[in-house]
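Asks: Structural data only, the sequence is not supplied:
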């Protein structure tokens, strides 16, 4: 039986697909979910009609009607991290719609987790909204935050109230870089609060998800947690990779 499998992560902002043979990545894709994620996912999978597939992510239930097996993002992330960032005991997944902190046991299995999925605070969507308010692209936003001086504070973690604070700071003619840093610091405050509630003291950290591509978030995490932060190559595809690897285990 072929060891090739496909994993697909249907997120709120993007859809990620990973094609593996055993533990080796053959190829991967990241595309916009658009307003029709089920159609986008189906189009991606059409390129692999004869391979077993497993779905994960916010929209994984969209494929269940086609009898595609699914797995939670928590489990998929843990498996992907074990493959690409082994040895780390805590995973911080900064996604478009939620933030997850996952603690792993000695065997890379999920021990416990905490997820922020009831509001946008700390998520990729929060960062995206704030970047737009300050007229930055997402690529520019992290670099701008690193140029801020840390003199400002965003006190609210609610997207609506935080945006109002940002408007007030702009009206006071505060520097955009300083506001950008304050926004990032508010995100770090939220994430680190989750981490400190469940992670063992001194736990090593691997950051995945689209947020792992933001240099300011990574630097501030290391400074706040006082521990090195590992980032796997292509951190946004880790959950899809985990789903593909779990699919392979299912079909052995």
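Replies: Yep, that arrived. If you're wondering where the values come from, they're calculated on a predicted model, not measured in any experiment.

Asks: Who are the contact partners of residue 169?
Replies: With Cβ atoms under 8 Å, 6 or more residues apart in numbering as the criterion, the residues that contact residue 169 are 152, 179, 182. Where you see a C-beta, it was placed from the backbone N, CA and C, and this is true even at glycine.

Asks: which residue packs closest to the first one, ignoring adjacent ones?
Replies: In space, not counting the residues next to it along the chain, residue 152 is nearest to residue 182; the distance is 4.1 Å by Cβ to Cβ, 6 or more residues apart in numbering.

Asks: packing partners for the strand or helix carrying the one you found?
Replies: According to DSSP states H and E, residue 182 maps onto helix 176-198. Helix 176-198 makes packing contacts with strand 90-94, strand 99-104, strand 110-116, helix 124-133, helix 138-146, helix 159-171, helix 215-225 when contacts are defined by 3 or more Cβ pairs under 8 Å, 6 or more residues apart in numbering; DSSP states H and E.

Asks: Dump the ones you listed to TSV, plus distance to residue 20 and mean pLDDT.
Replies: Rendered in TSV, the data for the helices and strands packed on helix 176-198 read as follows (distance: least, Cβ to Cβ, whole Å; pLDDT from 0 to 100):
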stretch	distance to residue 20	mean pLDDT
strand 90-94	19	95
strand 99-104	21	94
strand 110-116	21	92
helix 124-133	25	91
helix 138-146	28	95
helix 159-171	36	92
helix 215-225	26	94
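
Asks: Can I get the ones you listed in a markdown table including distance to residue 207?
Replies: As requested, the helices and strands packed on helix 176-198 are exported to a markdown table (distance: least, Cβ to Cβ, whole Å):
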| stretch | distance to residue 207 |
| --- | --- |
| strand 90-94 | 5 |
| strand 99-104 | 10 |
| strand 110-116 | 15 |
| helix 124-133 | 12 |
| helix 138-146 | 13 |
| helix 159-171 | 22 |
| helix 215-225 | 6 |
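
Asks: And the pLDDT at the residue nearest to residue 152?
Replies: On pLDDT, residue 182 comes in at 97.
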